[in-house]
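Novice: I'd like to go over a predicted model; first the sequence, then the structure.
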Amino acid sequence: MASVPVIPDSYNHVLAELECLDPLLSALRLDSSRLKCTCIDVSKRWLALGSSGGGLNLIQKDGWKQRLFLTHKEGAISRVACCLHDEDYVAVATSQGLVVVWELNQERRGKPERIYVSSEHKGRKVTALCWDTAALRVFVGDHVGKVSAIKINTSKQGKAAATFVMFPVQIITTVDSRVVQLDYLDGRLLISSLTRTYLCDTEREKFWKIGNKERDGEFGACFFPVGKNSGNQQPLIYCARPGSRMWEVNFDGEVQSTHQFKQLLSSPPLPVVTLRQDPHYTGSSCSPQSLSFPKLLYLTEHCVVTWTERGIYIFLPQSLQVLLWSEVKDIQDIAVHKSELFCLHTNGKVVHLSLLLVDRCIERLMRRGFWTLAARVSCLFQNSIVSCRARKNLPLDKLEHLKSQLDASTQQDLIAQLEELIAKLEPLDSACSSRRSSISSHESFSVLDSGIYRVISRRGSQSDEDSCSLHSQTFSEDERLKEFPAHHEDEQLELENVSHASVVVEADRNETFLPFSIPLSFRSPSPLVSLQAVKESVSSFVRKTTEKIGTLHISPESRGKHEAKDDEQLPELTLNPVASPQEEKESEPQNCQLPEEDRLRDLKAATAETIAKLQDPLILLEPQCMRKVLQEWLVFLEEKFSQEHSALSLKKNKTVCAENQRAVLEENLQVAPADRDPVEKEQSGILEDCIEKENTDETCVSQTTCENGTDVTGPLGCGFQVSPPCTIEPDVLKDLVELTTLCFELRVFSAGSAEAEESSEGSLPPAASGTLACRFMRSYFFLLDLKRVKQCILTTCANSPNVWETYIAGLKEITCHSPVALAMESEDMLKILKLLHDLGPWDDSPLLLAHAQRLYEKFGETALRPLIKFHPSILPSDIKQLCRNDPAHFLAYLDSLVKSKPEDKRPFLLRSLLQPESVRLDWLRLAVSHDAPQRANTVDEEGNPRPRSHLFTWGYSQLILLLIKLPADFVMKEKMAGICKSHGFWPGYLFLCLELDRRIEAFTNIVHLDDLSLLNGEDGSIPETIEEWKFVLHLAQNHSTASHQHSPQNGNAVSNGGPSCPDCITVENVALLLAKAIGPNRALPLLQECGLRLELSERFTGVCEILRIAEKRQRALIQSMLERCDRFLWSQQA
């Protein structure tokens, strides 16, 4: 007998289709090609099905017997939403954008009636409907981003109130793109659009943007209510992110952590239990899935369900688990209620699935007489059945009965597999039969691994659906987890692919859902304790100060509220390994330094005092006062961490502790060079510094003092300080990072000197200021928020390339021991790029820039184009800095990035990259000056276009036209028109002339270009008034015929011949165009008025006669149709 793959015991849930709804759809006539189901919703009582014919079917779920049919003449039903707290109400959106609210009157046995019709979204596509969880209020979202609220007044409040009081529609907000999903809970409305998620307090009318990182596409979001036993814990919010990720957000809209499910989705899909086909399980793992979740729906107590075009996915986000995923193709929408899922497919079919424990599923199949299917499911999930959890629902006698129902002649293999399963159950069941019989029928039990029976009372138990709660199912696993030792792999944390946000863990998170069989290498015990201490130690006044300081940041991207998110890290250097407490105790007698608490006491006090000062509005709103406060604080920072100050103190104490320090450092450096981390590298630097300073005289100290004083153009000193010289508490480190980064942004680079005042006031020359910025970065690189520093360099230090070079050098120093840096010497480019991709997701980590710089330095322009795969982790502004010495390389990268997107999404991408707006002019100048025709071939000596020069091929014409056609103000369009004209890019120049309403100038250039198609196109360049026609005719008359005979052939242009050339601008061709536009009867007098009648040939006369005949026939046809309509209307009236 061939072995059949068996599903691991960690999977004990399954999706089952126990009822087929095809007969129901057939009875409702929703299975035809003319009429099909378009939308779906479900509540405790009703299943609502909207149809393409405008009908709404409400079917009672109890027996599928009672049915209501509501008709709508306003078009097909596009959305439907049942009110969960009062099932007598249902809201419907039609294809015309109308929203209709129905009262079903089921309690009074009356007819359903419309109680509200909203036309606020008329003419738009309603994309989301959502009911208030307490009041009778409906929230509506459409495809342009408008969100409104409809408050309902019903007949239950009295007929007078229902008749005379109609609440107006309330406009909640208008977001930047199409509304993807709406959700509501406890006074908060969650709005998910194509670009981001918004949280709205509908009572206080407050709005928050969730996270700082935008997205592009359909991504859902939902509330996650807390359980009944969670005390005062607030609900959570989960927001879908690209790459199979979710943000976990608190109820105030602050991102707490990011959950990555990409690797967890490499497990094979579980089969769906259905009568349509036998369940099949391959057992072979698939590649990790990088998915976009279009909607997120809350399911049962701890689950979130979503779907893609490939299948259905159910997550346990609080415990970072994939409960299951199953392949179900072509899903359009899903409606959920408790553990039930109703799936609407793109072909209009509806499938009813239930999320069940495996033993519950088998029990129900046996109860319905589906013996073969029950046996196959039992064999597939035999590992789960053997476990103690399933024994109470599937005892041995039930499995024996199941085997007896199979056909011994045709199902021998299935019977043999079932007998193998029964054999695994026999020893335990036979040994425990006497004890099991003594347990009351009102009680259930589970057998622990130790053999102890755990009795659970069943009095007042819930139904089968409710009892499959994940909370009750995994309650005993908590005890199991305590018995199993936790096996954690010791991993080297790479700075470039591990962020602080990826290990944020809440102490009150439910840990019982982590199966011990799944290795979670990132859950090491030590970060849990330390990071929880970080979270609890950060005080509220630090958060407020961060928000206030953030409003003064120079970078526009960093003005928002600081929050932990998937794209934002704390300083990466805090992840550097530090010595264990035991090692520190052993090394204390050998060190001559003071204890760290005493060493940083003054700095801590000064930091707390500075933060308190920065809360004062008089200081916060005055940049000069802020600089003064930061200069006073910088004195304490330089005293503790400045490299120059450390050199002086080390010189004074070298006779006391140099030997001991050298011995300790040499002992710590007894490792392989490839395994040295940044902390060990820093220790090595200190050792070499000690040796060097022992062999020098006192003049070195005085030179160092001069460098720290007035010698601005002097050397930058020693290397980067990329790791803390001592252990710093996380909350203290956070404050230091905030203040140090603020010093860099406000250009406070040194304390207590004339140089410091000149630098902060901006009176220093750019070169000197750049030198100070470089020195500051080298000294305090471990205390800088690298993302904010990068943005500050791009916006304020663009003219100081040495600042950017210093920043990149620091990033290289951090990543010098990464696998990418080591592979850069021996591997080819494709292998390095694959390694970079495997180390992802990078989000917007600045460390990726160091690897990009290494790739560009080694492989040149060929390395830039593949970097488009890392957008938006690497932005065009970063690439422009990398290849600032060769702008053509940047232009090739930008063109490849834009062309990598579909055509309809390219303008949106390009507009998001143009920050600030002045970047557009720089990019346009680059595009029209590279891979372009010579200016002498497009512009003549007088500055006019050469004939047919608009047909030349421009290498970046698509990029140029995209830049030109994006929305812009009047001044920007004028500047772009000047650039296009000076370089001879005539298609763009003509477009901008029409945009600027400079039509006369546009027509003049069209005549010079000598192409009739420019007047006869769809871009609006055809003359609109009689004066414009006269102007074009005179231009054509004055146009020299010599230019037609001697102009060069450009592109696919034909030779410019005489007046008979069909696509040249001649008097006759323009006259024919005029006759087609206004008719021959009006055109001939106008031509005679201009004195051009004699220049026209017989061809013109013939064409005019044909136009007259066609016009006469068209008028006769219209008259005939009007008479028929008139007769028909009179007959209907009679």
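Specialist: Looks like it arrived, so ask away. Numbering: from 1, shown residues only.
Novice: hang on, Val322 packs against Gly311?
Specialist: No: counting by CB atoms under 8 Å, Val322 does not reach Gly311; the two are 11.6 Å apart. Bear in mind the C-beta positions are built from the backbone N, C-alpha and C, glycine included.
Novice: Phi, psi for Asn1081 please.
Specialist: Main-chain torsions, Asn1081, degrees, to the nearest 10: phi -70, psi -30.
Novice: which stretch of helix or strand covers the residue nearest to Leu70 when sequence neighbours are not counted?
Specialist: Nearest-residue entry for Leu70: Leu56, 4.3 Å, with adjacent residues in sequence omitted and distances by CB to CB, 6 or more residues apart in numbering. In this assignment (DSSP states H and E), Leu56 forms part of strand 55-60.
Novice: So which bits of that strand are buried?
Specialist: The neighbour-count check on strand 55-60 (16 or more other CB atoms under 10 Å) flags Gly55, Leu56, Asn57, Leu58, Ile59 as buried.
Novice: List the beta-bridge partners for the first one.
Specialist: Read that as Gly55. Gly55 has these beta-bridge partners by DSSP bridges: Thr71.
Novice: need the contact list for it.
Specialist: Contact analysis of Gly55 by CB atoms under 8 Å, 6 or more residues apart in numbering lists Phe69, Leu70, Thr71, His72, Ile77.
Novice: would a markdown table of the residues you listed with neighbour count and distance to Pro725 be doable?
Specialist: Listed next are the contacts of Gly55 as a markdown table, based on neighbours: other CB atoms under 10 Å; distance: CB to CB, whole Å:
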| residue | neighbour count | distance to Pro725 |
| --- | --- | --- |
| Phe69 | 12 | 77 |
| Leu70 | 21 | 73 |
| Thr71 | 9 | 77 |
| His72 | 23 | 72 |
| Ile77 | 26 | 67 |
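Novice: Geometric centre of the chain: which residue is closest?
Specialist: The chain has Arg215 as the residue nearest its centroid, 3.2 Å off, counting by CA atoms, centre = their mean.
Novice: who's in contact with that one?
Specialist: By CB under 8 Å, 6+ apart, the residues touching Arg215 are Leu194, Thr195, Arg196, Arg241, Pro242.
Novice: all helices of the stretch 701-850 of the chain, in order?
Specialist: Taking DSSP state H, counting those that start in this stretch as the criterion, the stretch 701-850 of the chain carries its helices at 730-745, 754-761, 766-779, 786-796, 801-814, 819-823, 829-838, 847-859.
Novice: out of the contacts of Arg215, who's nearest Arg935?
Specialist: Thr195 (40.6 Å; CB to CB).
Novice: Nearest to Leu913, out of the buried residues of strand 55-60: which one, please.
Specialist: Among the buried residues of strand 55-60, Leu56 lies closest to Leu913 (CB to CB), at 44.8 Å.
Novice: what's the pLDDT at the closest one?
Specialist: Note for Leu56: predicted pLDDT of 93.
Novice: gap between it and Glu1024?
Specialist: Distance, Leu56 to Glu1024, using CB to CB, to the nearest Å: 48 Å.
Novice: try Leu784
Specialist: Applying CB to CB, the value for Leu784 to Glu1024 is 59 Å.
Novice: In this structure, what helix or strand scores lowest on average pLDDT?
Specialist: helix 699-708 (a mean of 35; mean pLDDT, DSSP states H and E).
Novice: Extract the C-alpha trace of stretch 249-256 and format it as CSV.
Specialist: The C-alpha trace of stretch 249-256 is given here as CSV (Å, rounded to 0.1, in the frame of the first residue of the first chain):
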residue,chain,number,x,y,z
VAL,A,249,-2.0,49.0,15.9
ASN,A,250,-3.4,50.1,19.3
PHE,A,251,-6.8,51.8,19.6
ASP,A,252,-5.2,55.2,19.5
GLY,A,253,-3.7,54.6,16.0
GLU,A,254,-0.1,54.0,17.0
VAL,A,255,1.7,51.2,15.3
GLN,A,256,3.0,48.8,17.8
